[in-house]
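**Q** Provided below are the primary sequence and the corresponding predicted coordinates.
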Amino acid sequence: MARDDDGPAPTRRRVALTGISSRAWEHPADRGALTALRELRGFDDVVRAFFGMWNERGFRLSYLAAAIRVDHRQYPRVHQRFVEAATALDVPELPELYVTQSPWLDAESIGLERPFIVLSTACVQQLDDDELRALLGHELGHVRSGHAVYKTILSILTRWAANLSWLPVGAMALRAIMAAMLEWWRKAELSADRAGLLAGQDPAASLRLLMKLAGGGDLSQIDTAAFLEQAAEYDGGGDLRDSLHKIRMTAWSRYPVPVARAADLRRWIDDGGYGRVLGGDYPRRDDDGAASASEEIKAAADSYRESFGRSQDPLVGLLRRLGDGATDLGEWVGGHAGRARAWMGAAQEAAARAAGEAAARARRTGTGGGDGAGREGSGDGGR
């Protein structure tokens, strides 16, 4: 059976993390990218101009028309878990929350000016209170970190890459930017998992949630330790052929695989990061303006270096030997984090150019866009 031995008792009072900054749960690679993006002059204005080409109000209306808006009268159980998650993360104003019909475990955060959250009916039916609280905290983590703002760019670049596939040079440049942004988004998912854990403050429930996303609907037949053993086998088992298959599986994916997410969350707990935050040792929102991009990028580089040094993957082991030690290779990998500003700047330039062209077309035709590239999903469907 799934074990709950490292989670608090159901009646334990959750700690309200007063004034907590999203930097407290952001993965170092995610945090470094976000800090550099926020420091780019006018970047948010460009993104918001971009988003103006799509109709956020249309998305909200579509859910208002065809989904259930959660409050104390509709899905009161879900609403109560939502309030509890928001209280733990000190979210002053609840985003709108909708439940939509779907047999898949799925959740997403949508929008830019006023992000809202959507859950599938499968989440309501298949998740217990603790798992549901962790999932809602995951989505609140996306909203509080501002991931939707930058996910918009990724959605647009994906469309551009498809439209420019006939132009090799342009497509290659876009694909390079997309590859970097997809790597960032995978780390953003790890950040949101940590936010979910801080919201629910129940490690066992957060791991159960990931197990259910991986296909373990009946947890009476699933074992948490065995699931984490899968994660270890995925990381270090097999030979170079398996390493190449993993690259193929993840290089163009927006989401880390569930076993990797479980392993990263377990590592954050075991390394003491989770306990320090619960103990009150966390950055405050009031200090966000003083965050240093150079320090955060250095932390991202250190994170990649540590990850390479720790990995048991056969290909990584080979590269370590060719690189004459984990330190040299770690510096090589960490250097990619230091180049974050380059691809962010390229994305900004491309976004500004496209926004200008779109605005010119709108002036000529008197029309605006509405195809909804602004959707931001957490990808929690386990698909």
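**A** Here it is on my side, so go on. As the structure is a prediction and not an experimental result, all values here were calculated from the model.
**Q** where does the stretch 1-150 of the chain have low pLDDT?
**A** Judged against pLDDT under 70, the low-scoring parts of the stretch 1-150 of the chain cover residues 1-12, 35-55, 149-150.
**Q** hey, where'd the helices end up in it?
**A** Secondary structure of the stretch 1-150 of the chain (DSSP state H, counting those that start in this stretch): helices at 28-39, 43-51, 56-66, 76-88, 121-126, 129-145, 147-163.
**Q** got the buried residues for the fifth one?
**A** To tie it back to what came earlier, the one meant is helix 121-126. Of all the residues in helix 121-126, those buried under the rule 16 or more other C-beta atoms under 10 Å are Thr121, Ala122, Cys123, Val124. (C-beta placed from N, C-alpha, C; glycine too.)
**Q** what's the answer for stretch 189-205, then?
**A** 189-205.
**Q** In TSV: the buried residues of helix 121-126, plus distance to Leu213.
**A** TSV is the format used below for the buried residues of helix 121-126 (distance: C-beta to C-beta, whole Å):
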residue	distance to Leu213
Thr121	16
Ala122	11
Cys123	10
Val124	15
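**Q** Return the member of the residues you listed nearest to Ser220.
**A** Using C-beta to C-beta, Ala122 is the member of the buried residues of helix 121-126 that lies nearest Ser220, at 18.4 Å.
**Q** ok, now how distant is that closest one from Leu197?
**A** Look at Ala122 and Leu197: by C-beta to C-beta, to the nearest Å, they are 21 Å apart.
**Q** Could you do Asp287 as well?
**A** Where Leu197 is concerned, Asp287 sits at a distance of 22 Å (C-beta to C-beta).
**Q** Same question for Ala232.
**A** Remark: distance between Ala232 and Leu197 (C-beta to C-beta) = 20 Å.
**Q** can you give me the strands for this structure?
**A** Secondary structure of the chain (DSSP state E): strands at 68-69, 97-100, 107-110, 116-120, 375-377.
**Q** Would you mind putting these into JSON lines with distance to Leu136 alongside?
**A** Shown next, in JSON lines, are the strands of the chain (distance: least, C-beta to C-beta, whole Å):
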{"stretch": "strand 68-69", "distance to Leu136": "15"}
{"stretch": "strand 97-100", "distance to Leu136": "8"}
{"stretch": "strand 107-110", "distance to Leu136": "8"}
{"stretch": "strand 116-120", "distance to Leu136": "7"}
{"stretch": "strand 375-377", "distance to Leu136": "15"}
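**Q** In JSON lines: these, plus distance to Gly279 and mean neighbour count.
**A** Converted to JSON lines, the strands of the chain look like this (distance: least, C-beta to C-beta, whole Å; neighbours: other C-beta atoms under 10 Å):
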{"stretch": "strand 68-69", "distance to Gly279": "37", "mean neighbour count": "17"}
{"stretch": "strand 97-100", "distance to Gly279": "30", "mean neighbour count": "20"}
{"stretch": "strand 107-110", "distance to Gly279": "28", "mean neighbour count": "24"}
{"stretch": "strand 116-120", "distance to Gly279": "29", "mean neighbour count": "24"}
{"stretch": "strand 375-377", "distance to Gly279": "32", "mean neighbour count": "20"}
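**Q** For Met181, which of these is the nearest?
**A** Evaluated over these, closeness to Met181 peaks at strand 375-377, with 12.8 Å, by C-beta to C-beta.
**Q** Next, count neighbours for Leu112.
**A** The local packing of Leu112 (other C-beta atoms under 10 Å) involves 20 other residues.
**Q** isn't it right next to Ala148, touching?
**A** Yes - Leu112 lies in contact with Ala148 (C-beta atoms under 8 Å); the separation is 5.6 Å.
**Q** Assess the claim that Asp90 and Ser21 are in contact.
**A** No - judged on C-beta under 8 Å, Asp90 makes no contact with Ser21 at a distance of 9.8 Å.
**Q** Of those two, give the one with the bigger neighbour count.
**A** Neighbour totals were compared for Asp90 and Ser21, and Ser21 leads with 19 against 15 (other C-beta under 10 Å).
**Q** Distance of that one relative to Ile110?
**A** For Ser21, the distance to Ile110 (C-beta to C-beta) stands at 23 Å.
**Q** Equivalent analysis for Ala260, please.
**A** From Ala260 across to Ile110, the span is 25 Å (C-beta to C-beta).
**Q** same question, Gly275
**A** Using C-beta to C-beta, Gly275 is found at 33 Å from Ile110.
**Q** do the same with Ile117
**A** Counting by C-beta to C-beta - Ile117 and Ile110 are separated by 8 Å.
**Q** Same question for Met249.
**A** With C-beta to C-beta as the criterion, Met249 and Ile110 are 27 Å apart.
**Q** Since that was my last question, I'll sign off now.
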